[in-house]
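Colleague: Any chance you can model this:
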Amino acid sequence: MPEAATGTLADVVADARARHVTVAGGGHADVTLDEALRIQADAYAPREPVGWKLGLISPAKQEQMGIDEPLYGPIHAEMLHADEVDLSTFIQPRMEPELAVVLAADVAAGTDAHEAAAALGPFFLGVDVLDSIWDGYRFTLPEVVADGLSGGGFVLGERVVDFDRRATLSLHLDGRQVSSGAVADLGAPAERLAWLAERVGGLRAGQVVFLGSPAAAQPAAPGTLEARGPHGSALLARLR
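Modeller: Numbers count the residues shown, from 1 in each chain. This is a model prediction of the structure:
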């Protein structure tokens, strides 16, 4: 049985992360989205993130959570993994395939999509290894935001790929496909960057932005993980 989530939302998140446990979600209805974003930011202050993740990018997921735009969470250096991920360091890991972009230039708050397009650097395949303190990933909107938008770990491919809207992203574990979705569902990257820069006060050259996933997240388990993307591109990682 998960523990009851008692205390302020900030205290609950910090305590569950420190003790590596899940707690029952569904409370904290009095916390606003702005307050949850402040909790998220305070958890890592004053370090600047090395990147950002987008989540709830689909209209269907947004409607389910009662919002009309995506959400975001920070990526810090210790969250980035090479070609091996130790699942024991996560509380309840799930995984989903993504595309990520490394910024070639700064994107100031207030930049429009046309200007943001000039900051688009190379695209790479990626895997978002989600993690959440909320048992069974059952949470309210403020709860998931305060918990870093379930930010656990990220695997970033080494080979540049095309952003081909006609392509599919898929995830395979030990050769078995576990999820897939259309690249087109990610939306327009330049528009996403402009939106994100406005929300976080600007983006920096060299930061990586994981653009969200068009595929449903799946439980992570030990084995060989493969993300496949445009034009036969692939990313391999070992989950242990």
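Colleague: if I look at D162, how far off is D86?
Modeller: 31 Å (Cβ to Cβ, to the nearest Å). Glycine gets a C-beta too; all of them are placed from N, C-alpha and C.
Colleague: residue contacts, the closest residue to E143 other than its chain neighbours?
Modeller: Closest residue in space to E143, ignoring its immediate chain neighbours: G25 at 5.1 Å, by Cβ to Cβ, 6 or more residues apart in numbering. Listed by Cβ atoms under 8 Å, 6 or more residues apart in numbering, the contact set of G25 reads A5, W134, D135, R138, F139, T140, E143.
Colleague: Whichever of those residues end up buried, select them in PyMOL.
Modeller: Buried residues among those (16 or more other Cβ atoms under 10 Å), as a PyMOL selection:
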select buried, resi 5+134+135+139+140+143
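Colleague: quick one: which of the contacts of G25 sit in helices?
Modeller: Assigned to helices by DSSP state H, the following of those qualify: E143.
Colleague: Can you lay out the contacts of G25 as a markdown table showing pLDDT and distance to L239?
Modeller: Formatted as a markdown table, the contacts of G25 follow (pLDDT from 0 to 100; distance: Cβ to Cβ, whole Å):
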| residue | pLDDT | distance to L239 |
| --- | --- | --- |
| A5 | 57 | 29 |
| W134 | 96 | 22 |
| D135 | 96 | 22 |
| R138 | 92 | 24 |
| F139 | 92 | 24 |
| T140 | 91 | 29 |
| E143 | 95 | 26 |
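Colleague: Hmm, L125 and A234 touching each other?
Modeller: Yes - counting by Cβ atoms under 8 Å, A234 does reach L125; the two are 7.2 Å apart.
Colleague: Name the residue closest to the centre of this structure, please.
Modeller: Centroid check for the chain by Cα atoms, centre = their mean gives K53 as the closest residue, at 3.9 Å.
Colleague: what are the bridge partners for that residue, then?
Modeller: G73, F210 (DSSP bridges).
Colleague: what separates L239 from V155, distance-wise?
Modeller: Applying Cβ to Cβ, the value for L239 to V155 is 10 Å.
Colleague: next one: D68
Modeller: Taking Cβ to Cβ, one finds D68 at 30 Å from V155.
Colleague: what's the answer for L54, then?
Modeller: For L54, the distance to V155 - Cβ to Cβ - is 16 Å.
Colleague: How about H28?
Modeller: Per Cβ to Cβ, H28 is found 31 Å from V155.
Colleague: which one of the two has more residues nearby?
Modeller: Neighbour count, other Cβ atoms under 10 Å: between H28 and V155, V155 has more, with 25 against 21.
Colleague: count of residues packed around the residue lying closest to the more buried one once chain neighbours are set aside?
Modeller: Excluding its sequence neighbours, the residue lying closest to V155 (Cβ to Cβ, 6+ apart) is V127, at 4.3 Å. Neighbours of V127 under the rule other Cβ under 10 Å: 27.
Colleague: who does the host helix or strand of V127 pair up with?
Modeller: Under the criterion of DSSP states H and E, V127 resides in strand 120-130. Counting by DSSP bridges, the strands paired with strand 120-130 are strand 94-103 (antiparallel), strand 151-161 (antiparallel).
Colleague: Does R94 touch A220 like I think?
Modeller: Yes - if you go by Cβ under 8 Å, R94 and A220 touch, sitting 5.9 Å apart.
Colleague: Can you pull the residues that touch both of the two?
Modeller: Counting by Cβ under 8 Å, 6+ apart, the residues touching both R94 and A220 are V129.
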